[in-house]
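Generate a structure from the sequence data that follows.
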Amino acid sequence: MSSLALFGGKPEIETPLATYNRIGDAERAAVLDTLESGVLSGYIGAPGPEFDGGPKVQELEDRWADMFDTAHAVAVNSATSGLFAALGACGVGPGDEVIVPPYTMSATAVAPYVYGGIPVFVDIEPETFCIDIVRVRAAITDRTKAIIAVNLFGHPARLAELRALADLHGICLVEDNAQAPLATENGVLSGTIGHIGVFSLNRHKHIQTGEGGVCTTDDADLAFRLKLIRNHGENLIEHHAAHAERDLVGFNYRLTELSAAVGLAQLNRAPEIVAEREAFALRLSSGVSGLPGLTPPHVRAGCRHTFYAWPMRYDENVVGIPRSAFLQAMAAEGVPLDGGYVAPLYRLPVFAARESRGGAPECPVTEQMHNQEEVGFGICAFELSDMLIDRIAAAFHKVHENRTELEDLSTVSAARSK
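From the prediction side, this is the model:
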């Protein structure tokens, strides 16, 4: 049995993992072509054809709608902007409640504050880390205006059930699909089941433009409102008075032509990129399967998980050592793992300072995942290969088999300080 690298043994992976670079010749050529056109943005915040942006933005929207089989796609400059625009399009206003999970990127839960709304934190499922529909059902009140379901790590939430619940109560379901392009639930693409889906084109997502996002919807009115919010829509209210709220406030959420050009090149490669990352994740799950106390990512029946990240569950009682010790040993073997995705959002000062509902007593699963159980590996963060995935799996086996060396945490701390 080889010694742990933490205590002087040879690490399983001796070279730091390289950052995944998904930009290639097609993206470079698209950028140069757009630069030579001289049109870096096609927007004007006033009535007319340029209200909808330049040719690359409109082409990206058309191609996106085709790939994701949705009636409308509205490009924005980030998924954060997309979430803000989505809640505005759904009519969220002062005092309205928006149900959100606490185990996600902060923008999801901050979005209601843009319109004077109130985030209501609802716990997650322990298997998928997505919002718990049973708790969503219990949290709906006559003040509820929308639900934001996050398809976390690449796995769909219970989207069809959530959509039916939202329709029953006359509220909007917004999918935060930033991490799950081409994921499916019962054959239907995530990001297209809710009233509005929000995709990310941020630099570390499956496909990227540096910064960017796309909103999808089958509702023409919601699409129109998304476009108004994206591009200073207050200037168009008189022009479209029959179709728009007179108090609608627009922003500048516009995507540049350069970003759209990169997005088009990336969209061509999306099925290939997503399938590659999915294959790496499933190979890692297979390699780690069977180690007591380590549970590879769960894939719910009928779903496709596209693995922005690879979230494993860690049972300290079975493994016999704290999660922190296991992570330290894995890092020494050359495998960077995260212990807990993010701290529960209701701990952030912004939520303590403003009105919100929900917290630790109401979200025990979130607390458990963050504090003890969830371990993540960034499938979309690193350049990977089958051979490297096998070395990562070997590191899991090595640390697990040598875990008795890690029982004395003071020894671990001392070793790390040398």
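
Show me what the strand or helix carrying Val262 packs onto, helices and strands only.
Assignment of secondary structure by DSSP states H and E places Val262 within helix 257-288. In terms of contacts (3 or more Cβ pairs under 8 Å, 6 or more residues apart in numbering; DSSP states H and E), helix 257-288 is packed against helix 25-37, helix 55-67, strand 310-314, helix 386-401. In short, each C-beta sits where N, CA and C put it, glycine included.

And the longest strand seen in the chain, what does it pack against?
Identified as the longest strand of the chain according to DSSP state E is strand 144-150. On a contact count with 3+ Cβ pairs under 8 Å, 6+ apart, strand 144-150 meets strand 97-100, helix 106-110, helix 159-169, strand 172-176.

and those as TSV, adding mean neighbour count, mean pLDDT and distance to Ser3?
Below are the helices and strands packed on strand 144-150 laid out as TSV (neighbours: other Cβ atoms under 10 Å; pLDDT from 0 to 100; distance: least, Cβ to Cβ, whole Å):
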stretch	mean neighbour count	mean pLDDT	distance to Ser3
strand 97-100	27	98	46
helix 106-110	21	97	41
helix 159-169	17	98	47
strand 172-176	28	98	44
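
Can you add distance to Arg277 and give the ones you listed back as a markdown table?
Shown next, in a markdown table, are the helices and strands packed on strand 144-150 (distance: least, Cβ to Cβ, whole Å):
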| stretch | distance to Arg277 |
| --- | --- |
| strand 97-100 | 26 |
| helix 106-110 | 22 |
| helix 159-169 | 21 |
| strand 172-176 | 19 |
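
Nearest to Pro296, out of those?
helix 159-169 (22.6 Å; Cβ to Cβ).

Does anything pack onto the closest one? Which helices or strands?
helix 133-139, strand 144-150, strand 172-176.

ok, back up a step: quick one: closest of the helices and strands packed on strand 144-150 to Asn268.
Of the helices and strands packed on strand 144-150, nearest to Asn268 by Cβ to Cβ is strand 172-176, at 23.5 Å.

and the next helix or strand after the closest one, what does it pack onto?
As assigned by DSSP H and E, the chain's next helix or strand after strand 172-176 is strand 184-185. Helices and strands touching strand 184-185, as assessed by 3+ Cβ pairs under 8 Å, 6+ apart, comprise strand 303-304.

Please name the strands paired to the strand it packs on in the sheet, noting orientation.
strand 184-185 (antiparallel) (DSSP bridges).

thinking again about what came up before, which residues sit against the longest strand of the chain?
For strand 144-150, contacts defined as Cβ atoms under 8 Å, 6 or more residues apart in numbering pick out 83, 87, 90-93, 96-101, 103-104, 108-109, 111, 117, 120, 130-131, 136, 157-159, 162, 165-166, 169, 171-176, 178-179, 194.

For that strand, which residues meet the burial criterion?
Using 16 or more other Cβ atoms under 10 Å as the burial criterion, the residues of strand 144-150 that qualify are Thr144, Lys145, Ala146, Ile147, Ile148, Ala149, Val150.

Tell me the bridge partners for the last one.
With DSSP bridges as the criterion, Val150 is bridged to Asp176.

Now Met67: closest residue in space that isn't a chain neighbour?
Spatial nearest neighbour of Met67, chain neighbours left out: Leu267 (6.5 Å); criterion: Cβ to Cβ, 6 or more residues apart in numbering.

For the one you found, which residues are in contact?
So Leu267 contacts Leu60, Arg63, Trp64, Met67, Ile207 (Cβ under 8 Å, 6+ apart).

try Leu173
Counted by Cβ under 8 Å, 6+ apart, Leu173 has contacts Ala146, Ile147, Ala149, Leu159, Leu162, Arg163, Leu165, Ala166, Ile193, Gly194, His195.

Domain ranges for this protein, per the record?
With automatic domain parsing as the criterion, the domains of the chain are listed as 5-21+270-417, 25-266.

deepest of those domains, which one?
Greatest average neighbour count among these goes to domain 25-266 (a mean of 21), per mean count of other Cβ atoms under 10 Å.

Please enumerate the strands of the stretch 301-418 of the chain.
303-304, 310-314, 338-339, 374-377 (DSSP state E, counting those that start in this stretch).

can you list the ones you listed in a markdown table and add distance to Phe396 and mean pLDDT?
Listed next are these as a markdown table, based on distance: least, Cβ to Cβ, whole Å; pLDDT from 0 to 100:
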| stretch | distance to Phe396 | mean pLDDT |
| --- | --- | --- |
| strand 303-304 | 24 | 98 |
| strand 310-314 | 9 | 97 |
| strand 338-339 | 15 | 96 |
| strand 374-377 | 10 | 97 |
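
In CSV: the ones you listed, plus distance to Gly233.
CSV is the format used below for these (distance: least, Cβ to Cβ, whole Å):
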stretch, distance to Gly233
strand 303-304, 36
strand 310-314, 38
strand 338-339, 39
strand 374-377, 39
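
Those: which one's closest to Ala5?
strand 374-377 (17.2 Å).

Which other helices and strands does the closest one contact?
Strand 374-377 packs on strand 310-314, helix 323-332, strand 338-339, going by 3+ Cβ pairs under 8 Å, 6+ apart.

Dump the ones you listed to JSON lines, plus distance to Ala29.
Listed next are those as JSON lines, based on distance: least, Cβ to Cβ, whole Å:
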{"stretch": "strand 310-314", "distance to Ala29": "33"}
{"stretch": "helix 323-332", "distance to Ala29": "39"}
{"stretch": "strand 338-339", "distance to Ala29": "36"}
